[in-house]
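Participant: Turn this into a structure:
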Amino acid sequence: MHPFHWVPADGARHASRDSKPTGGNYPTGTFVTTLCGSYVAADNSDMAWLWESCPACNKAAHELAGVPMARPRVDAR
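Facilitator: Here you go, the predicted model:
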């Protein structure tokens, strides 16, 4: 397990270290502090989980997990 978890909020999937409710995700409207430094209200709808990851949260999550970020693909034209 990593010391963070993902939460859709404010139009992106953010990562947070806040305590997570037992047995599930944050209910919609629950405010969390994110790894990018935002304080946002969770959106636990099905569509929200399809949003892109917040770039700053993604970078911080990779650092916390000790996993390097994938290098962008270079188009071989």
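Participant: burial of the spatially closest residue to Phe4 that is not a sequence neighbour, as a residue count?
Facilitator: What sits nearest to Phe4 in space, not counting adjacent residues and going by C-beta to C-beta, 6 or more residues apart in numbering, is Ala15, at 4.6 Å. Any C-beta I mention is one placed from the backbone N, CA and C, and that applies to glycine too. Neighbour count for Ala15, taken as other C-beta atoms under 10 Å: 25.
Participant: Kindly state the beta-bridge partners for Ala15.
Facilitator: Per DSSP bridges, the residues bridged to Ala15 are Trp6.
Participant: which ones are touching it?
Facilitator: Contact partners of Ala15, counting by C-beta atoms under 8 Å, 6 or more residues apart in numbering, are Phe4, His5, Trp6, Val7, Thr34, Leu35, Ser53, Cys54, Cys57, Asn58, Ala60, Ala61.
Participant: Make sure Lys59 is indeed in a helix.
Facilitator: Yes. Judged by DSSP: H, G, I helix; E, B strand; the rest coil, Lys59 forms part of a helix.
Participant: most neighbours, which of the contacts of Ala15?
Facilitator: Going by other C-beta under 10 Å, Val7 tops the contacts of Ala15 with 26 neighbours.
Participant: Next, work out how far apart that residue and Val74 are.
Facilitator: Separation of Val7 from Val74 (C-beta to C-beta, to the nearest Å) stands at 32 Å.
Participant: quick one: Leu64 and Leu35, what's the gap?
Facilitator: Counting by C-beta to C-beta, the gap from Leu64 to Leu35 is 8 Å.
Participant: Mind listing the shared neighbours of the two?
Facilitator: Counting by C-beta under 8 Å, 6+ apart, the residues touching both Leu64 and Leu35 are Phe4.
Participant: What is the burial count for Leu50?
Facilitator: 9.
Participant: Could you report the pLDDT at it?
Facilitator: What the model reports for Leu50 is a pLDDT of 96.
Participant: Offset the numbering so it begins at 34, please.
Facilitator: I'll keep to 34 as the first residue from here, and by that count the last item is Leu83.
Participant: Great, nothing more from me.
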